[in-house]
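Asks: pasting a predicted model and its sequence here:
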Amino acid sequence: MISANRRTLLRITSLAAAAAALGSFTSAAEAQEKIRIGYSISKTGPYAGGASITTLPNYELWVKDVNAAGGIKVGDKKLPIEVVEYDDRSSSEEAVKAIERLANQDKVDFILSPWSTGLNLAVGPTLNRLGYPHLAVTSVTDKAPELAKRWSNATFWLGTSAQISEGLAELLGKLKSEGKIGSNIAMVSVADQFGIELSAAGREAFKKAGFTLAYDKTYPMGSQDLQPLLKDAIAANPDAFIAFSYPPDTIALTEQAQLLKFNPKVFYVGVGTAFPLYKGKFAANSDGVMGIGGWNADSAQLKDYLARHKAATGKEPDRWASSITYASLQVLQQAIEKVGKLDRAAVAAEIRSGTFDTVIGKVKLKDGLLQEVWSVGQWQNGEFYALAPTSLPGARAPVVPKPQWQ
Amino acid sequence: MLLLDIVLPGLVLGGMYALIALGLTLQYGVARIMNLSYGESLVAAAFGALSLYTGLGLSPLMALLLAVPGAILINWLLYRFLLERLMRRGKDRGAQEIDSILVTFGVLFVIQGIMLIAFGGQYYSYSYLSVPVVVLGSTLAVNRLVALLFAAEIGIAVYLALTRTRVGTAVRAIAVDANAARLVGIDVAAMSGLTFAFGGGLVAIGGVLISMFLTFNASMGVIFTMKALVVVIMGGVGNVLGALVAGLLLGVVETAVARLVDPGLTLAATYALFLGVLLIRPTGLFGRAAS
């Protein structure tokens, strides 16, 4: 009985080995027919909410667009994309393991990045070691310039925390000098890396712009009631309310502010403000609310992108990182086409040095960083227009004071 | 005035915690099933309410009329065809608990997977009864107040049902000693199944009501399971009144800490209170006698 079992086992193992050998042989032969692109993304876990609005739909849209056009041109051949997808379950270890698997077992030609600052920083060293270009789009960190120096394959696309806070401080400073707001700010932030970095940068930038922080508190991630926080913020009687928050908190803070009839001249909330969900839920009450991100909604390319995104995925994109995510993929495609072969090092170098046509306009990175990033946007008549940095072309004038909640 | 402004919103938050925990205390304490898919069931009910509201324009309070019987039926089927065998096979309470943990861990992924396919991973939120009402100088949201009222009513009704009726007595007997209960002619399997199903109905009420004011997505179940566990253990496993009191206490303490100390310390306060209660009364607040 045992020996029979062992024999079967042996037979299965050898069959499997043969199949594996055959498999690797065919995939090597196929390499000329297709470009294999892999990614691991949070389909479950706490990051799934962000990943499934900002990142995944754009990966799918891009693959669809590229394949509909016949593929990516490599040399004189157009190669369609074949996708290998994993779920990192919002865990750094899983994300790193998935990257290793994509590179070593699936032998994909390129790897797209996961969602969130944390996961991008987690997979950074591995992607660098394996020599894959790393488009760290959805990562906001003050370490970006330093990391871009250390990892020659990596590029950062959303600016640094300081850039975002400084953009906000610059806008508020301008409003103060125009006499539209006073100098009192109430700031709340979620107690994780995102909130800590932005509020730290904000504290400095607001002080420099001559503001007083009348209220400045953090709250734990996943808090189910933010009313106590908001009541104390209201008691500070601020001209501007600033929250570096995550989507559920962004929604809760807005809802509670309406309940408490809290109408500061500037109402700014964090991640999630630029989501279609926000506009959908608050409708007319979203008008005048400021938040992270924004886009030049009048641009023809973005209008076209919005329509295609809606048609392909059934929903509107996030007005902050969605279009940048899509643009980064266009950059990858054009870099591959310019290099003319699947040479990862050359493609990574081209991404850093080249100039590209994308949905967000001409992209030319400097030191591995996208420089022209919107830091503040505002809902105006159902569209989330970019306001700051005010010097960027396409910046809109802010509506201040914010209209009363209805 | 500040005191009232802490106690009232605290009770309202606590009402939500109690509401989340009521079903678990029945399922774990009485039916002896450590239901790890608890939070996912709650979120599934929230999605159900959302679909009925956005699809058919049915208010969440009306949705309860559909969701609760539906959930009771689904949970009864789950018990009848999946869990009952385990309960019969398990030699003692420990073995049964471990088996139920393993099975419901699997159920968790099934429910989550279905929700991910149906709704994707993104956030959902809608507004219902999101209007302010001023009670004794404190502004509260009507939807949260409704959740508190439901929690209090259900908690007290279930407590009375458990202590004042024949069925309730049988259920409590099973919770104390299933074998002895069998000896006095109680149909343990049927009773446990009914209790589990009823607990599932309470989960559905919780999910439908919190969907009115919390933003949720398919991956959020674990947060609710954790919170419910803290409340259930703190209140005394299987004690419905205990869950109600523990939930309210937790809400008031969290709100007080947020207002008086620092909002950043609410989570720390939750676990300090949890540990404190367990150190003084290892069986929970209502573990043996009412205090």
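Replies: Cool, got the structure.

Asks: spell out which parts of the stretch 51-200 of chain B neighbour chain A.
Replies: B:112, B:116, B:120-127, B:130-132, B:139, B:141 (C-beta under 8 Å from any C-beta of the partner chain). C-betas here are computed from N, CA, C, even on glycine.

Asks: quick check, nearest of the residues you listed to B:Ala180?
Replies: Closest approach to B:Ala180 among those (C-beta to C-beta): B:Gln112, at 38.1 Å.

Asks: tell me the secondary structure at that closest one.
Replies: Assigned with DSSP: H, G, I helix; E, B strand; the rest coil, B:Gln112 falls in the helix class.

Asks: helices and strands of chain A: which one bottoms out on pLDDT?
Replies: Within chain A, no helix or strand scores below helix A:2-30, which has a mean of 51 by mean pLDDT, DSSP states H and E.

Asks: in strands only, show me the residues of the stretch 51-200 of chain B next to chain A.
Replies: B:Pro132, B:Thr139, B:Ala141 (DSSP state E).

Asks: ok, which stretches of the stretch 1-150 of chain B are strands?
Replies: Counting by DSSP state E, counting those that start in this stretch, one finds strands in the stretch 1-150 of chain B at the ranges B:132-135, B:138-141.

Asks: same list, those, but as CSV with mean pLDDT and mean neighbour count please.
Replies: Listed next are those as CSV, based on pLDDT from 0 to 100; neighbours: other C-beta atoms under 10 Å in any protein chain shown:
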stretch, mean pLDDT, mean neighbour count
strand B:132-135, 91, 12
strand B:138-141, 90, 20
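
Asks: around chain B, pick out the residues from the stretch 51-200 of chain A.
Replies: Checking the stretch 51-200 of chain A against chain B by C-beta under 8 Å from any C-beta, the hits are A:Ala51, A:Ser52, A:Ile53, A:Leu56, A:Ser90, A:Val188, A:Ala191.

Asks: tell me which of these fall in helices.
Replies: A:Leu56 (DSSP state H).

Asks: out of the residues of the stretch 51-200 of chain A next to chain B, who's the most crowded?
Replies: A:Ile53 (29 neighbours; other C-beta atoms under 10 Å in any protein chain shown).

Asks: closest to chain A out of the ones in strands among the residues of the stretch 51-200 of chain B next to chain A?
Replies: B:Pro132 (4.3 Å; C-beta to the nearest C-beta).

Asks: beta partners of that closest one?
Replies: The partner list for B:Pro132 in beta bridges (DSSP bridges) reads B:Ala141.

Asks: hang on, it packs against B:Leu140?
Replies: Yes - at 7.1 Å, B:Pro132 counts as touching B:Leu140 under the criterion of C-beta atoms under 8 Å.

Asks: among the strands of the stretch 1-150 of chain B, which is nearest A:Pro220?
Replies: Comparing the strands of the stretch 1-150 of chain B by C-beta to C-beta, strand B:138-141 comes nearest, at 20.9 Å.

Asks: let me see the contact set for residue 58.
Replies: Since you didn't name a chain, this refers to chain A. Neighbour list for A:Asn58: A:His309, A:Pro317, A:Ser322, A:Thr325, A:Tyr326, A:Leu329 [criterion: C-beta atoms under 8 Å, 6 or more residues apart in numbering or on different chains].

Asks: ah, no, chain B please
Replies: Contacts of B:Leu58 by C-beta under 8 Å, 6+ apart are B:Leu52, B:Leu66.

Asks: is stretch B:212-223 up against chain A anywhere?
Replies: Yes - legend: contact between stretch B:212-223 and chain A by C-beta under 8 Å from any C-beta is shown at B:Phe213, B:Leu214, B:Thr215, B:Phe216, B:Asn217, B:Ala218, B:Ser219, B:Met220, B:Ile223.

Asks: how about the secondary structure of the first one?
Replies: Secondary structure state of B:Phe213, per three-state DSSP, is coil.

Asks: so what's it up against?
Replies: By C-beta under 8 Å, 6+ apart, the neighbours of B:Phe213 are A:Glu255, B:Ser130, B:Ala141, B:Asn143, B:Arg144, B:Ala147.

Asks: just the fifth one next, same as before
Replies: Under the criterion of C-beta under 8 Å, 6+ apart, the contact list for B:Asn217 reads A:Ala48, A:Gly49, B:Val43, B:Phe119, B:Gly121, B:Gln122, B:Tyr123, B:Tyr124.

Asks: among these, which lie within helices?
Replies: Checked against DSSP H, the contacts of B:Asn217 include these in helices: A:Ala48, A:Gly49, B:Val43, B:Phe119.

Asks: ok, which stretches of the stretch 301-406 of chain A are helices?
Replies: Using DSSP state H, counting those that start in this stretch, the helices of the stretch 301-406 of chain A run over A:322-339, A:344-353.

Asks: for chain A, what's its nearest residue on chain B.
Replies: Counting by C-beta to the nearest C-beta, chain B gets nearest chain A through B:Gly121, at 3.3 Å.

Asks: neighbours of that residue, how many?
Replies: B:Gly121: 25 neighbours (other C-beta under 10 Å).

Asks: picking that back up, now the contacts of A:Asn58: which count as buried?
Replies: A:His309, A:Pro317, A:Ser322, A:Thr325, A:Tyr326, A:Leu329 (16 or more other C-beta atoms under 10 Å in any protein chain shown).

Asks: which element, helix or strand, includes the closest residue to the fourth one other than its chain neighbours?
Replies: Right, the one you point to is A:Thr325. With sequence-adjacent residues excluded and distances taken as C-beta to C-beta, 6 or more residues apart in numbering or on different chains, A:Thr325 is closest to A:Asn58, at 4.3 Å. Element membership for A:Asn58, per DSSP states H and E: helix A:56-68.

Asks: thinking again about what came up before, format the strands of the stretch 1-150 of chain B as TSV; extra columns: distance to A:Val339.
Replies: Shown next, in TSV, are the strands of the stretch 1-150 of chain B (distance: least, C-beta to C-beta, whole Å):
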stretch	distance to A:Val339
strand B:132-135	60
strand B:138-141	57
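
Asks: can you tell me which of the ones you listed is nearest to B:Leu26?
Replies: strand B:138-141 (27.6 Å).
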